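Q: A structural model of the following input is requested.
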Amino acid sequence: MSETAAKITELLRAWGQGSVEDADRLFPLVYDELRRQAHSFLRRERPGHTLQTTALINETYIKLNEQRNFSWESRAHFFAICATLMRRILVDYAKTKHRAKRGGNANQLPVEGLALAVEQRSDVDLLALDDALNRLAQIDPQQEKVVELRYFSGFSIEETAEVLGVSVSTVKRDWRAAKAWLHHELSGRKEE
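A: Residues are numbered from 1 along each chain as shown. This is a model prediction of the structure:
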């Protein structure tokens, strides 16, 4: 483990025990990775999206600071939680925009990583994808996490395996199964 990685782990543990000062010292050390995650999320948003990378990071940081006595298992766990928070922030943002338009088009996401899951379409409705992922979480929470980490955060198969504490082959299997399930769910939604 690198010196920076060890420092991040130490600060996460202290933060989990309630040290706000350590949370403030942690942020500069994790900023670059959070920026990469936020950029990965926003890269899939529709052109002209008004939420910027820095704003998404700041919103995530605010949500993280609302956590009380959280037990961070590892750096990977921390970044996985950040990915979940970023997804929720973007979904909430999309819902707000959708409501503001009173039934207007929902935010669209390109499905580079889910191309097989949605019949090679160039985009997918973020709200429909979120609904489908919430249903998938009820059936198989690990598959939902794999999609969240791979698609939304841009994690590699290996990084996803590390975060989830499973083998690379398990992630590959879950990724294939989740894409097939999402294909079925999202294809059915478009036809309704």
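
Q: alpha carbons only for contacts and neighbour counts from here, please
A: Will do.

Q: mean pLDDT per helix and strand in the protein: which one sits at the bottom?
A: When the helices and strands of the chain are scored by mean pLDDT, DSSP states H and E, strand 108-109 comes last with a mean of 46.

Q: excluding covalently adjacent residues, which one is nearest to the residue most central in space within the chain?
A: Note on the chain: the residue nearest the mean C-alpha position is residue 83, at 3.2 Å, using C-alpha atoms, centre = their mean. Nearest residue to residue 83, sequence neighbours excluded (C-alpha to C-alpha, 6 or more residues apart in numbering): residue 153, at 6.0 Å.

Q: can you check residue 84 too?
A: Distance criterion C-alpha to C-alpha, 6+ apart; nearest residue to residue 84, sequence neighbours excluded, is residue 148 at 7.2 Å.

Q: so what does the helix or strand hosting residue 10 touch, helix or strand wise?
A: For residue 10, the enclosing helix or strand under DSSP states H and E is helix 3-16. The contact analysis (3 or more C-alpha pairs under 8 Å, 6 or more residues apart in numbering; DSSP states H and E) places helix 3-16 against helix 20-43, helix 75-100.

Q: tell me which other helices or strands the shortest one touches.
A: The elements that helix 20-43 packs onto, with contact taken as 3+ C-alpha pairs under 8 Å, 6+ apart, are helix 3-16, helix 53-65, helix 75-100.
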